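**Student:** fold the stuff below for me.
(4 chains)
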There are 4 protein chains.
Amino acid sequence: MIIIIRADAQAEKRAELTDWVRGLGLDVHLSEGADTTVMGLVGDTSRVDIDILKALDIVKDVLRVSEPYKKANRKFHPADSVVGAGGCLAGGGKFALIAGPCSVESEAQIVSVAKKVKAAGAGLLRGGAYKPRSSPYAFQGLKEEGLRLLLLAKKETGLPVVSEITAVTQLPLFGGVDIIQVGARNMQNFELLKELGRTDKPILLKRGLSSTLEELLMSAEYIMAGGNERIILCERGIRTFEPATRNTLDISAVPWLKERTHLPVIVDPSHASGISRLVPPLSLAAAAAGADGLIIEVHEDPARALCDGPQCIKPDELLELVAKLDTVLTLTGKARA
Amino acid sequence: MIIIIRADAQAEKRAELTDWVRGLGLDVHLSEGADTTVMGLVGDTSRVDIDILKALDIVKDVLRVSEPYKKANRKFHPADSVVGAGGCLAGGGKFALIAGPCSVESEAQIVSVAKKVKAAGAGLLRGGAYKPRSSPYAFQGLKEEGLRLLLLAKKETGLPVVSEITAVTQLPLFGGVDIIQVGARNMQNFELLKELGRTDKPILLKRGLSSTLEELLMSAEYIMAGGNERIILCERGIRTFEPATRNTLDISAVPWLKERTHLPVIVDPSHASGISRLVPPLSLAAAAAGADGLIIEVHEDPARALCDGPQCIKPDELLELVAKLDTVLTLTGKARA
Amino acid sequence: MIIIIRADAQAEKRAELTDWVRGLGLDVHLSEGADTTVMGLVGDTSRVDIDILKALDIVKDVLRVSEPYKKANRKFHPADSVVGAGGCLAGGGKFALIAGPCSVESEAQIVSVAKKVKAAGAGLLRGGAYKPRSSPYAFQGLKEEGLRLLLLAKKETGLPVVSEITAVTQLPLFGGVDIIQVGARNMQNFELLKELGRTDKPILLKRGLSSTLEELLMSAEYIMAGGNERIILCERGIRTFEPATRNTLDISAVPWLKERTHLPVIVDPSHASGISRLVPPLSLAAAAAGADGLIIEVHEDPARALCDGPQCIKPDELLELVAKLDTVLTLTGKARA
Amino acid sequence: MIIIIRADAQAEKRAELTDWVRGLGLDVHLSEGADTTVMGLVGDTSRVDIDILKALDIVKDVLRVSEPYKKANRKFHPADSVVGAGGCLAGGGKFALIAGPCSVESEAQIVSVAKKVKAAGAGLLRGGAYKPRSSPYAFQGLKEEGLRLLLLAKKETGLPVVSEITAVTQLPLFGGVDIIQVGARNMQNFELLKELGRTDKPILLKRGLSSTLEELLMSAEYIMAGGNERIILCERGIRTFEPATRNTLDISAVPWLKERTHLPVIVDPSHASGISRLVPPLSLAAAAAGADGLIIEVHEDPARALCDGPQCIKPDELLELVAKLDTVLTLTGKARA
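**Tutor:** Next up is the predicted model:
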């Protein structure tokens, strides 16, 4: 960590700062310039609160030299982590294709679509039971009953399943769920992240609507700090000024994250765009950019889906997409798992 | 609600849609044009999922004519709601001045600063016990002990207190807290909102970093739908491309919200800017724009505050601000309460 | 165009509005509802100023039913336009690979890199002579001399060339330039667009940093309204809150634009990311999403490039990319031209 | 300027960099740490291209210690600049109230509204003759005739006038115009800025829709570098995700800019919000935040204004606002000039 000290800083205040930093167990290297003094902090600076330093009158700026995340950092864990459930894995050359409806609606619906997405090539079934909706008057999911139906579909098809959790208190109900999803709105629900850090389930962590990539990694770090290192990161679009699509898919997030972390990175083209016709091209783009998987909303009758209909594709569109996807994966050295 | 039907829609599909809408208990008015047919839905459309409609192939666009929030809507509740604790109120001509440190750090600190902010004119004491921090390695607040110390300061000074909750499970510890704060990161933690809707405490609801004003009102609606209508809305800056300030204070939010809702609207200039020198001018601006209150971070030694130091002002700066504030309030027909 | 009239509108004011609309040569269809009246305007509404309508006290909202762009609209011109120079074309199954340095620096530099990018598979040479820089103290390009050197490289290699114009007064100097580029900062320099509408050169129109896709199409419409319909649209990243990349590549822009316009759409992964290591994955992603071409910054010694070094790739990296690119293009039914 | 060198940088490459920097006439101070080496550059670094440095393999990061703007920098020019025309000044305790219609429409209209805004307290008349519109089919202003009518209104009322320029070629027509406005879309039209740097007219420079405050200062620097130092900066709202207002007024820009530059800073609440009812509260907020002036759209019949109607206020609303404004100005030590 580099601290730039103002030219007009009093010697006494500089000495106080130096003492304080040393009190944190860090070494200090000073470099005096004409206009500024540069103070380098050497040691484990991950506990240093950059804001405290910036608050000091004598400090002009502070620059982190090392990343604030450790367990998620590829620097300390060069090999790809491989995370998944059943035979469906992401990372280390494995590409996870996750598909299914936004919401579980009925036994007939979830079982039927599960069979269809399996036939199309999906390795994991998604299905929402607890739905975070911006309106209290909108359909909030079938809840416990939804989880029960999802597990029926798992039993029928053999597909492992992923479903979203929206409160710590629901955790006991997720016993049969293979991967627990943390949605965009809960990416910084730190109490939930801490609790998930104590479980032994893989976590699918979605990026918040306006979270930076570094914040996404720090949220992964929350879970990992608790002992659970099986995390799949998911880019699902960010909020920008552009109204053409529901969110803006930040495709650069894929290669940027892959450089910095060993955790697998997947993409959700359905929520990112909110438009079903854009899902196939964005899926291929994600794979071409190096993603380790996709999570795609599929519904047999998108026009009547209880939520998020406009972004669902049909099973036969998924099938058509998978063929092209496999061609792209040969270029990035990956294969569907 | 207005549905624009595509020119090339099949008659059969149009009939299906009409039936479906009528099945929801709504009346349908059709207006045929050359290029498009306009379908007007009459009745209570708050339960209609706009996304389902948009998903239909035959639908070009859907436009809400009435707002999706009801209990928060000024249309159905023209008079200002007045919300607060002790003698400190916001709304209906009352202006609530809330001040205090970001975090409770020690008994000496919180009691001392509480006396100072009271002397400067504040009517409510803020102090964080549970701190949502983006890094798991950063200081997370004194938690239960922090709440205990905050209540000591309340007892010493007579000031009512506000503190942030970060999980439903903490609720039993908030018995002595006068107003419960929901932070920006939890604005769409719907499970928390539902639970707070069942309490009888006033709620200070902060706008999410990238939440629209309509989403803020919908989150208030979540709490109100549960029965608790005592909510103070708080604009605290949004995330934009501009790096000069930590967030961008959306000052227009104040008059825009005041038009649409009867709930009081306050401003947090400290988090919005992240720069202490900007807090006084932004506070005056907020009051001039019609805010019903301010929540300001005050610390006796900002440079050593355990968190968020750069944005704290000192008690004597608060005192100086209050004198000017009262002049601005005469223009908006308000008075500190 | 649909106008929603407020429930409490006076009959007299409604009659005035109806007269005014008819005065514009449009037909009016009225549909009365319980809460609102819907007024449909039938005819050519492209000259109706939506803002005037919204300003009226009796108007609640206005909704466009048809797009405000005509000449760029695929609805009226279903077949792909094919635009390019020499044998290098974009659109209609042709994929244009444009490459070259950010700035022309010297004869040796531009001729050498031109040969290298040609050998790697590029069909068009890019090279900036007039550089829009945010600082008046930064290198502003070699200007007229830069254009002269670029044309030397064209002569040496046979590659057609594209270069950016920054003022109308430079137009006479662009005689030998095959495609004229309008940069992001000039996308809404309407006087420049009008002038380019009177030329017979293909125009490479880059999206503004914070321009919506509809605004991009309207800027194309400015040029087309003047008679020049040979336009290539270019997505080059938008400004968002995310600091990880210089801009955020809006990959969804590609399929969204391709649906709405017949104009070719290419992508600039170099400016979008500002990071050379991200250029290859983003290039493949753009092709997979359906782009009709790429414009890539290539420099033989990126670390010493006079501007924008961090985002340049080397000629051998381009060569390696092209092989993969061709595989992706087979999936989208395109081929390098 | 501080360069952070990677730990694994080869000695030879470091030596090359040091030589290169010294070749630019700068001194180099090296500070070796365990993980990183910090290189401090001493001297005039305004010509150093930060991007070239960042491009080097051995460089981890580069941090500017001094601001890239000089002539606009308050550090080198501590006293407020006072800029204006006639008796209407901004800066140094003077507050400029600029008002008038968006567009000049007719002699009767501009003369009448000029008299009204003068009576209400405005010191400068605004009126657009060249209108940058996103659609080529929308009204583009009366152009030369509009300027002529504006000068008639100046003659009738004695009010100095401001009008927007959209191309260098229009400059000869602006002889009688007192202040030339550069609109948001042209803030980075550097060729226009350079030309205006050679004139002797005050320039009202509006912030771009998605320009950072530093970029705004750099655009001012462009004009100042040419010799014209009479610039008024104008905050007019930025583009964000929030759809409630047309743009988001960045009120923090006012105190932030005032700290960093001696140039006067005014606010345009009309374009910022796009909603007339928000103009009075935002005007008061701007004054309370320390603005040196306001530019407000006023129209006698907003509902029939040819452009931007929804954001215009009426002359009597201006009059009412001015009374409150004067009270706020007493708090910031300013007076209308």
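**Student:** all contacts plus neighbour counts: C-alpha atoms, from now on.
**Tutor:** OK.
**Student:** what stretches of the stretch 201-337 of chain A score poorly on pLDDT?
**Tutor:** Applying pLDDT under 70 to the stretch 201-337 of chain A picks out residues A:302-309.
**Student:** how about the residues of it by chain C?
**Tutor:** Taking Cα under 8 Å from any Cα of the partner chain, the part of the stretch 201-337 of chain A that reaches chain C is made up of A:210-213, A:240-245, A:248-252, A:255-256, A:273, A:278, A:281-282, A:284-290, A:324, A:327-328, A:331.
**Student:** in chain A, what residue lies closest to chain D?
**Tutor:** Checking chain A residue by residue against chain D with Cα to the nearest Cα singles out A:Phe241 as nearest, at 4.3 Å.
**Student:** hmm, back to that, next step: the residues of the stretch 201-337 of chain A next to chain C restricted to helices.
**Tutor:** A:213, A:255-256, A:273, A:281-282, A:284-288, A:324, A:327-328, A:331 (DSSP state H).
**Student:** list only those of those residues flagged as buried.
**Tutor:** In terms of neighbour count (16 or more other Cα atoms under 10 Å in any protein chain shown), the buried residues within those are A:213, A:255-256, A:273, A:281-282, A:284-288, A:324, A:327-328, A:331.
**Student:** relative to A:Glu164, which of those residues is nearest.
**Tutor:** If you rank those by distance to A:Glu164 using Cα to Cα, A:Ser273 comes first, at 19.6 Å.
**Student:** the closest one: what's it in contact with?
**Tutor:** With contacts defined as Cα atoms under 8 Å, 6 or more residues apart in numbering or on different chains, the neighbours of A:Ser273 are A:237, A:245-249, A:279, A:311, C:252.
**Student:** dump these to TSV, plus neighbour count.
**Tutor:** Output for the contacts of A:Ser273, formatted as TSV (neighbours: other Cα atoms under 10 Å in any protein chain shown):
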residue	neighbour count
A:Gly237	29
A:Thr245	20
A:Arg246	18
A:Asn247	23
A:Thr248	29
A:Leu249	29
A:Val279	28
A:Gln311	27
C:Ser252	27
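**Student:** nearest to chain B among those residues?
**Tutor:** If you rank those by distance to chain B using Cα to the nearest Cα, A:Gln311 comes first, at 7.8 Å.
**Student:** please report how far the closest one lies from B:Gly86.
**Tutor:** Relative to B:Gly86, A:Gln311 is positioned 49 Å away (Cα to Cα, to the nearest Å).
**Student:** isn't there a helix covering A:Lys13?
**Tutor:** Yes. Assigned with DSSP: H, G, I helix; E, B strand; the rest coil, A:Lys13 falls within a helix.
**Student:** so it sits against A:Leu56, correct?
**Tutor:** No. With contact defined as Cα atoms under 8 Å, A:Lys13 does not count as touching A:Leu56 (9.3 Å).
**Student:** between the two, who's got more neighbours?
**Tutor:** It is A:Leu56, of A:Lys13 and A:Leu56, that has more neighbours when counted by other Cα atoms under 10 Å in any protein chain shown, with 18 against 13.
**Student:** where along chain A do the helices fall?
**Tutor:** For chain A, the helices defined by DSSP H cover A:11-23, A:50-55, A:107-120, A:144-157, A:190-196, A:213-225, A:253-260, A:269-273, A:279-288, A:315-331.
**Student:** contacts for the first one?
**Tutor:** Right, the one you point to is helix A:11-23. With Cα under 8 Å, 6+ apart as the test, helix A:11-23 has contacts from A:27-28, A:41, A:58.
**Student:** what residues does the stretch 101-250 of chain A have near chain D?
**Tutor:** For the stretch 101-250 of chain A, the residues in contact with chain D (Cα under 8 Å from any Cα) are A:239-242.
**Student:** buried members of those into PyMOL, please.
**Tutor:** Here is the PyMOL selection string for the buried members of these, based on 16+ other Cα under 10 Å:
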select buried, chain A and resi 239+240+241+242
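**Student:** reformat the residues of the stretch 101-250 of chain A next to chain D as TSV; add distance to B:Asn73.
**Tutor:** Formatted as TSV, those follow (distance: Cα to Cα, whole Å):
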residue	distance to B:Asn73
A:Arg239	26
A:Thr240	27
A:Phe241	26
A:Glu242	28
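**Student:** quick one: which two of the residues of the stretch 101-250 of chain A next to chain D are the most distant?
**Tutor:** Longest distance between any two of these is 8.2 Å, between A:Arg239 and A:Glu242; criterion Cα to Cα.
**Student:** which residues are common contacts for the two?
**Tutor:** The contact sets of A:Arg239 and A:Glu242 overlap at A:248, D:241 (Cα under 8 Å, 6+ apart).
**Student:** the stretch 51-200 of chain A: strands as residue ranges?
**Tutor:** Using DSSP state E, counting those that start in this stretch, the strands found in the stretch 51-200 of chain A span residues A:59-63, A:83-85, A:88-90, A:94-100, A:124-126, A:161-165, A:179-182.
**Student:** if I pick A:Ala286, what's in contact with it?
**Tutor:** Taking Cα under 8 Å, 6+ apart as the criterion, A:Ala286 is in contact with A:251, A:254, A:267, A:294, C:285.
**Student:** determine which two of the residues you listed are furthest apart.
**Tutor:** Spatial extent of the contacts of A:Ala286 (Cα to Cα) is set by the pair A:Leu294 and C:Ala285 at 14.2 Å.
**Student:** and of the contacts of A:Ala286, the nearest to chain B?
**Tutor:** Lowest distance from chain B to these (Cα to the nearest Cα) belongs to A:Ile251, with 18.1 Å.
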